[in-house]
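Peer 1: next comes the sequence, and after it the predicted model I'd like to discuss.
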2 protein chains.
Amino acid sequence: MSAEPLKNDLFLRALKREQVPYTPLWLMRQAGRYLPEYRATRARAGSFMGLATVPEMATEVTLQPLDRFSLDAAILFSDILTVPDAMGLGLTFVTGEGPKFERPLQDEAAVNALEVPDMHKLQYVFDAVRMIRQALGGKVPLIGFAGSPFTIGCYMVEGQGSREYRLIKTMMYARPDLLHRILSINAQATTHYLNAQIDAGAQAVMLFDSWGGVLPDGKFQEFSLAYTKQVVQGLNRQVNGEKIPVITFTKGGGPWLEQIASCGADAVGLDWTVDMAAARRRVNDQVAFQGNMDPMALFAGEAAIRAEARRLLDAFGPVGRGGHVFNLGHGISQFTPPEAVSALVDEVRTYSTRFHVT
Amino acid sequence: MSAEPLKNDLFLRALKREQVPYTPLWLMRQAGRYLPEYRATRARAGSFMGLATVPEMATEVTLQPLDRFSLDAAILFSDILTVPDAMGLGLTFVTGEGPKFERPLQDEAAVNALEVPDMHKLQYVFDAVRMIRQALGGKVPLIGFAGSPFTIGCYMVEGQGSREYRLIKTMMYARPDLLHRILSINAQATTHYLNAQIDAGAQAVMLFDSWGGVLPDGKFQEFSLAYTKQVVQGLNRQVNGEKIPVITFTKGGGPWLEQIASCGADAVGLDWTVDMAAARRRVNDQVAFQGNMDPMALFAGEAAIRAEARRLLDAFGPVGRGGHVFNLGHGISQFTPPEAVSALVDEVRTYSTRFHVT
């Protein structure tokens, strides 16, 4: 692991609710299809997993948005489905249809056969983390990530993306024991996976609970949050005397904010349905927040993008003893014009200084 | 309009927070594809709009679920897109793809040309309401409905269903004046439309804000709730000395419950992400609630369905000065086994009596 000191540690400091001169910013899926240079590398790689499994290529695309925009963090280029793929479910990406598993968990025998995978199968991810850290040379911190146990469980049971989540929800209502077994294995695997990313050099980690928000109240706590918490509590949070901040993000998690904020993470990602001022009050600034611009605002032209960024920074208000990392409330759309990101970064950088005491 | 007295008015009484012996129940999309008899009528009609525009057929399918299950309300068989269709946008239903408009509102000229439609173009809806009231013979009350101004606006701008709502959100951020013009016309049209349904015999009305929940905090209030409120406040709430209760339902509206509850409606529909006990506290029982079972729970077999119904009735608790109409938190899935509905109706009927003082 590189010992090169960070030139820009604002992202890590904001997550720890320390004082910073402006609100740091990165974007979910910032290394992605909206960038022509990403599409060029992706074409060379031949496939999404071709890109993700070759550390040199993962490094290249991870760094692309940092060359273009003055972002305050890099995030490992990978996918949340690497873990179930390592479990042997057979991940494929069908063009235009998204990820699919050849062997989803659709009966009791399949669930019983599920095991925590050998982390050596995910060595390509840890190699990429090491290589990206080296390539970054301390420019900004590197974020590692994983899907939440419930969210990867959705894909593992459904076999693909879903609109209604009928299969996993049927299992949840009819055979909660089977779903708990899957989630327990997912939580163990995800803990190992993130700890190995931290060992390889990830300076913060994020858990994406993209689908926890589809669960009913009561079931969210039992089947999603409990396992997120288990992962968070199993992480190595101190490395060489440095704290590794942890971010959790449940899309649609607004109703359960207080409970999510109690899972032990340093920061909670918020989608755009949540008012940041109300969120701060609800958790009494005991966690930092990351978010929460609607990715669709990036289609409205420079003046509107800047106005929306100011509106959201105003909503958060003077940062005080809180912490704020600016981000979108979901991944950036593949159709986003890259110049929209330039305008956003510039506005957040300049306008946010008024909310920080330096 | 039939003057026949209602044999079962529990649904209306619960909406008005009056005492009832058990928690009344109906299901969103209860007249739909999960019923073989619906599929047979639909096949005869040849198309969805063929079914909706012929009052005899709309009456037939509206009554089908009441013949099978002991439900406490009927809901007009129609679609939320009848209003924009009457505005001349050219509604078609493409098999497997859902509704599409031939002439969506994608430029300023189209927005400026939009007008409140002549209600005579929707006479088939009002004729269906009259015919259904007559066919019901006072068995249970008939609910009329419409889409919220924002929700029908989504289809009018996108031209079809959407995952990201890129077009309408771009308009919202870049040209809010254009979107406000659309929503203002939609609100006027929807007010006339629901009042004509009430004139024709609808005994309660519901506004479906299916997509308001995709908006950012702040924008929801400005572009969805403000127009829902405008419709609610323009409705004829007293007919022949009888109060016409109004229900609003914003899927994903949990974050804004207090504000939604203040729009003037008698009842608020809730999806399954909301804890009913917390919802009652948040609005101090000043509105009734409708909901909020996850439609996917109906796939889990009889024992699990009954357990989930009890869990939700327990969450609401003793009804006291509140009001509760049991429903799903979204429309019933087309794949639902009809016997699942029988189990649900039976459980709600028998178990809920303990929460009512009679």
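Peer 2: Yep, that arrived. Residues are numbered from 1 along each chain as shown, chains lettered A, B, ... in the order given.

Peer 1: show me which residues of the stretch 101-250 of chain A are close to chain B?
Peer 2: Contacts of the stretch 101-250 of chain A with chain B, taken as CB under 8 Å from any CB of the partner chain, map to A:164-166, A:169-170, A:172-174, A:213, A:215-220. All C-beta spots, glycine's among them, are computed from the backbone N, C-alpha and C.

Peer 1: tell me the one of those nearest residue A:41?
Peer 2: residue A:213 (32.0 Å; CB to CB).

Peer 1: wait, a helix at the closest one?
Peer 2: Yes: when DSSP: H, G, I helix; E, B strand; the rest coil is applied, residue A:213 is found to be in a helix.

Peer 1: what's the closest non-adjacent residue to it?
Peer 2: residue A:252 (2.3 Å; CB to CB, 6 or more residues apart in numbering or on different chains).

Peer 1: and the closest residue to residue A:30 other than its chain neighbours, how many neighbours does it have?
Peer 2: Counting by CB to CB, 6+ apart, residue A:65 is the residue found nearest to residue A:30 once chain neighbours are left out, at 4.3 Å. Counted with other CB atoms under 10 Å in any protein chain shown, the neighbours of residue A:65 add up to 24.

Peer 1: go on, residue A:315?
Peer 2: That count, for residue A:315 with other CB under 10 Å as the rule, works out to 18.

Peer 1: isn't it right next to residue A:276, touching?
Peer 2: Yes: in this structure residue A:315 lies within contact range of residue A:276 using CB atoms under 8 Å: 4.5 Å.

Peer 1: element containing the residue lying farthest from the centre of chain A, please.
Peer 2: In chain A, counting by CA atoms, centre = their mean, residue A:109 sits farthest out from the average C-alpha position, at 31.5 Å. Per DSSP states H and E: residue A:109 is located in helix A:108-113.

Peer 1: which other residues reach the next helix-or-strand element following that helix?
Peer 2: In the C-terminal direction, the helix or strand that comes right after helix A:108-113 (DSSP H and E) is helix A:123-136. The contact list for helix A:123-136 (CB atoms under 8 Å, 6 or more residues apart in numbering or on different chains) reads A:1-2, A:52-56, A:58-59, A:62-63, A:66, A:74, A:76-78, A:82, A:119, A:142, A:144, A:193, A:196-197, A:199-202.

Peer 1: just the ones of those in strands?
Peer 2: A:74, A:142, A:144 (DSSP state E).

Peer 1: can you count the residues close to residue A:128?
Peer 2: Residue A:128 has 25 nearby residues by other CB under 10 Å.

Peer 1: count the neighbours of residue A:97 for me.
Peer 2: The burial count for residue A:97: 10, using other CB under 10 Å.

Peer 1: hey, where'd the strands end up in chain A?
Peer 2: All strands of chain A, identified by DSSP E, fall at A:74-75, A:91-94, A:98-101, A:142-147, A:204-209, A:238-239, A:242-243, A:246-250, A:267-269, A:288-293, A:324-328.

Peer 1: packing partners for the first one?
Peer 2: With contacts defined as 3 or more CB pairs under 8 Å, 6 or more residues apart in numbering or on different chains; DSSP states H and E, the packing partners of strand A:74-75 are helix A:55-68, strand A:142-147.

Peer 1: turn those into TSV, including mean pLDDT.
Peer 2: Compiled in TSV, the helices and strands packed on strand A:74-75 are given as follows (pLDDT from 0 to 100):
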stretch	mean pLDDT
helix A:55-68	97
strand A:142-147	98
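
Peer 1: residue B:157: which of the ones you listed is closest?
Peer 2: Once the helices and strands packed on strand A:74-75 are compared by CB to CB, helix A:55-68 is nearest, at 30.3 Å.

Peer 1: how far out from the middle of the chain is that closest one?
Peer 2: 17 Å (CA atoms, centre = their mean, to the nearest Å).
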